[in-house]
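**Student:** No letters, just coordinates:
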């Protein structure tokens, strides 16, 4: 019975996060009240506070849940050539962003995205992406330009994905083609710079 | 005399903005108090409030001043080929970011960057950049992928520039080479997509 009760608490928490993900995706943070959340969840404010002590705590938990959803997206076959893997990941990512565009917009551009705890969640999610890319590229610690280029590409992709998802008119494969080509160019030129150009300080 | 007094008020305001740009570049927004600003400026809190009604107003004015500095950076010779012009702009921009890296970091990544008024200033500054690029590329309204790609490249450049300025170890020309090559690839592939691929909806 105790186990059953714990599951119910966990399931209830998941339901609240689902609700929050939808809610914060459609309305600005400042326009959402604890009262509204409680009402939509069909529970008292007191019970809601039992799960999340404040609106900010609830929001941070929702951002964490969104980041976890992103981590659970299916991964391509690791035996494929690297750039085919990238194309496969982008297809899955773009579909996810389109299916969750209001939420993505809220978390990338609005809400309380500069709250230190929220920033830490989104930066950790980005870091996981570029670190796995750099590992795939067998990048060494001193390939600075390559590291900058891959980090920068992750932002490039974010803007492309959100612009595409919000426009609703452009073919997904055209966006994937640009993103893959840009990554290829960024990696090749970053590595060329290492071979061709003297590294200077200052 | 009245004219002289107005100039002095304007000059004093400029001095305060200079101070703010240095201050917000070195310390988190939340750790800076109106008392500290007034003390560093050598004026009473009352007089400071005469110039800026609140810390937030002061911060927003500083962000506007930083955006104005960016707009005043020298422009390359418009008779040069487009990608040489881009290289020239990037040289000037990277030097500016390196000379102002703490400030750039604060405005791009920290502070109250998600404050709606601050977001409007930074988005307006970005829009000016990509609109002038799209004009230079003679992009039509329906070149959606090209528009997304140029917007995304502006973010790519921001991350590259800040990573580079904060690392202090990588040759500037290597960063410029990557950024120019990525822009070239993004533009070519975005335009190829228009020619090669059918535009679909959904």
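**Tutor:** Thanks, I have the structure now. Every value quoted in this text rests on a predicted model; they were computed, and no experiment measured them. Numbering: from 1, shown residues only, chains lettered A, B, ... in the order given.

**Student:** Now do stretch A:141-150: everything it contacts.
**Tutor:** A:130, A:133-134, A:137, A:139, A:183, A:186-187, A:189-191, A:193-194, B:159-160, B:163-164, B:167, B:169-170, B:174-175, B:178, B:182 (Cβ atoms under 8 Å, 6 or more residues apart in numbering or on different chains). For the C-beta atoms, the positions are set from N, CA and C on the backbone; glycine is no exception.

**Student:** what do you get for stretch A:91-111?
**Tutor:** If you take Cβ under 8 Å, 6+ apart as the criterion, stretch A:91-111 is touched by A:21-22, A:24-26, A:28-29, A:59, A:63, A:66, A:69-70, A:73-74, A:76, A:113, A:118, A:122, A:157-158, A:161-162, A:164-166, A:172, A:175-176, B:114, B:119.

**Student:** Weed out the non-buried ones from those residues.
**Tutor:** Neighbour counting with 16 or more other Cβ atoms under 10 Å in any protein chain shown marks A:21, A:24-25, A:29, A:59, A:63, A:66, A:70, A:76, A:113, A:118, A:122, A:157-158, A:161-162, A:164-165, A:172, A:175-176, B:114, B:119 as buried within those.

**Student:** Inside strands: which ones of those residues?
**Tutor:** Of those, none are assigned to strands by DSSP state E.

**Student:** and the gap between the residue lying closest to residue A:188 once chain neighbours are set aside and residue B:90?
**Tutor:** Excluding the flanking residues, the one nearest residue A:188 by Cβ to Cβ, 6 or more residues apart in numbering or on different chains is residue B:181, at 8.0 Å. Remark: distance between residue B:181 and residue B:90 (Cβ to Cβ, to the nearest Å) = 12 Å.

**Student:** What of residue A:141?
**Tutor:** Distance, residue A:141 to residue B:90, by Cβ to Cβ: 26 Å.

**Student:** Any regions of chain A where pLDDT drops low?
**Tutor:** For chain A, residues meeting the criterion pLDDT under 70 lie at A:1-7, A:106-114, A:193-202.

**Student:** can you do 50?
**Tutor:** Within chain A, the ranges that satisfy pLDDT under 50 run A:1, A:197-202.

**Student:** Domains in it, by residue range?
**Tutor:** Chain A breaks down into these domains under automatic domain parsing: A:2-56, A:73-196.

**Student:** how about the helices of chain A, start to end?
**Tutor:** Taking DSSP state H as the test, the helices found in chain A are A:2-26, A:34-41, A:45-51, A:55-71, A:82-99, A:101-109, A:116-136, A:144-167, A:172-196.

**Student:** Highest mean neighbour count out of those helices?
**Tutor:** Comparing those by mean neighbour count (mean count of other Cβ atoms under 10 Å in any protein chain shown), helix A:144-167 ranks first with a mean of 23.

**Student:** between that helix and helix A:82-99, how many degrees?
**Tutor:** Put simply, helix A:144-167 runs at 40 degrees to helix A:82-99, going by axes from the mean of the first three to the mean of the last three Cα atoms, to 10 degrees.
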